[in-house]
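Visitor: heads up, no residue letters with this:
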């Protein structure tokens, strides 16, 4: 009997059992004896039977599909970030033979209508929400619909749902401290729209770093941009056009940092020598920037894996409030950070170590 011919009906006929009995045996129903279950599974393996997943899901009433909702207003520029996250998320789901649905809301419908349609149609068993707003209506809607979900990041109030996050405030505090230790005193910041909680946290870390090192906060050194290289380039241009431009810039994402490098090159400024640049995310493409980008790295694939494991546990009945996981970013030094230039008036310039 060939693999193509072995469906549930053929398997039942081979065993001289009803289709219902074979189906229940394969799904470990307790009303089927252990001996019969073992006999059915042995025959299924021997004959190369593969279950119809859609039929199985209908029979148990679980779609066995999780949706990752791509953040709105993040197009092609965010794809490296998303790709690394999805790699880990898919790994977690694959261990259960679950499917991953990647969905981007239609511009005319919006995230809320998309979530409502996916949940009420019964197509998904859970949802991953990324890049939350300070007060995120997607979280409220998922709770109201009773849909299991987990958030990559945190909103302003995050005690009553599951989340995994990397401490952006601590990351930017670390980045500022690192630059101060190399003699920088005038440090710029390019952030993202502050309705996003993570953008606010990274600005808070920058400001805390300045305060910790007794450096005054100059509002002219803070620029808010879109999460794109174009946004970073435009914001960096404004910083460099100031009468006293910064000797270093910390950027809300690696993509924004790439735009900053572009703006520096366009003005004949050497990154890492005349102006230091530090990104945030640790995405792979940063290794291939010109010069290779120094960054505060967060483990995207690990984040995806943890988000998947958390969500599956919640779907299985675990309390979402028991899943609050905060990780730290770590500094990856490449070639865009260096001592403050002597011409900036810094006499305590540290010696730059060679970077591999």
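Guide: Looks like it came in fine. These figures come from a predicted structure and were not determined experimentally.

Visitor: Please parse the protein into its domains.
Guide: Here the domain assignment for the chain is 8-51, 65-167+301-326, 168-300+332-355, based on automatic domain parsing.

Visitor: which of those domains has the lowest average pLDDT?
Guide: Lowest mean pLDDT within the domains of the chain: domain 8-51, at a mean of 85.

Visitor: Give the buried residues for stretch 257-273.
Guide: Buried residues in stretch 257-273, defined by neighbour count with 16 or more other C-beta atoms under 10 Å: 257, 258, 259, 260, 261, 262, 263, 264, 271, 272. Backbone N, C-alpha and C define where each C-beta goes, glycine included.

Visitor: out of the domains of the chain, deepest packed?
Guide: domain 168-300+332-355 (a mean of 20; mean count of other C-beta atoms under 10 Å).

Visitor: measure the residue nearest to residue 274 when sequence neighbours are not counted to residue 250 for me?
Guide: Of all residues not flanking residue 274 in the chain, residue 341 sits nearest, at 5.7 Å (C-beta to C-beta, 6 or more residues apart in numbering). Distance of residue 341 to residue 250, computed by C-beta to C-beta, to the nearest Å: 17 Å.

Visitor: Kindly report the same for residue 243.
Guide: Applying C-beta to C-beta to residue 243 and residue 250 gives a distance of 21 Å.

Visitor: List the contacts of the closest residue in space to residue 122 that isn't next to it in sequence.
Guide: With C-beta to C-beta, 6+ apart as the criterion, residue 122 has its nearest non-adjacent residue at 6.2 Å, and that residue is residue 63. Shown in contact with residue 63 (C-beta atoms under 8 Å, 6 or more residues apart in numbering): 57, 122, 123, 124, 125.

Visitor: Moving C-terminal from the helix or strand where residue 201 lies, which element do we reach first?
Guide: Using DSSP states H and E, residue 201 falls within helix 197-212. Remark: after helix 197-212, the chain's next helix or strand is strand 222-224, criterion DSSP H and E.

Visitor: what lines up beside that following strand in the sheet?
Guide: Counting by DSSP bridges, the strands paired with strand 222-224 are strand 187-191 (parallel).

Visitor: the inter-axis angle of the strand it pairs with versus helix 197-212?
Guide: Counting by axes from the mean of the first three to the mean of the last three C-alpha atoms, to 10 degrees, strand 187-191 lies at 170 degrees to helix 197-212.

Visitor: Return the distance of strand 187-191 from the chain's centre.
Guide: 22 Å (C-alpha atoms, centre = their mean, to the nearest Å).

Visitor: which residues sit against that strand?
Guide: Against strand 187-191 from outside (C-beta under 8 Å, 6+ apart): 172, 176, 179-180, 199, 202-203, 206, 209-210, 215, 221-225, 232, 235-236, 239, 245-252, 256, 260.

Visitor: packing partners for the helix holding residue 201?
Guide: For helix 197-212, the elements it packs on are helix 168-181, strand 187-191, judged by 3 or more C-beta pairs under 8 Å, 6 or more residues apart in numbering; DSSP states H and E.

Visitor: For the first one, name the packing helices and strands.
Guide: In terms of contacts (3+ C-beta pairs under 8 Å, 6+ apart), helix 168-181 is packed against strand 187-191, helix 197-212, strand 248-251, strand 276-281, strand 294-297, strand 330-332.

Visitor: Let me see the contact set for residue 156.
Guide: 134, 135, 197.

Visitor: Mind putting the residues you listed into TSV with distance to residue 90?
Guide: Below are the contacts of residue 156 laid out as TSV (distance: C-beta to C-beta, whole Å):
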residue	distance to residue 90
134	29
135	30
197	26
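
Visitor: from those residues, which single one is nearest residue 14?
Guide: residue 197 (57.6 Å; C-beta to C-beta).

Visitor: Beyond the helix or strand containing residue 83, next helix or strand please.
Guide: Taking DSSP H and E as the criterion, residue 83 maps to helix 79-94. Scanning forward in sequence from helix 79-94 by DSSP H and E, the next helix or strand is strand 99-103.

Visitor: For the helix or strand residue 261 falls within, what is the distance to the chain centroid?
Guide: Using DSSP H and E, residue 261 sits in helix 254-266. For helix 254-266, the separation from the chain centroid amounts to 22 Å (computed by C-alpha atoms, centre = their mean).

Visitor: Show me the contact partners of it.
Guide: Outside helix 254-266, the residues that touch it by C-beta under 8 Å, 6+ apart are 77-78, 80-81, 190, 192, 225, 227-237, 240, 249, 251, 270-271, 274-275, 277-283, 285-286, 289-291, 293, 295, 336.

Visitor: What angle do strand 276-281 and it make with each other?
Guide: Orientation note: helix 254-266 sits at an angle of 160 degrees relative to strand 276-281 (the same axes, to 10 degrees).

Visitor: Compute the inter-axis angle for helix 254-266 and helix 79-94.
Guide: 160 degrees.
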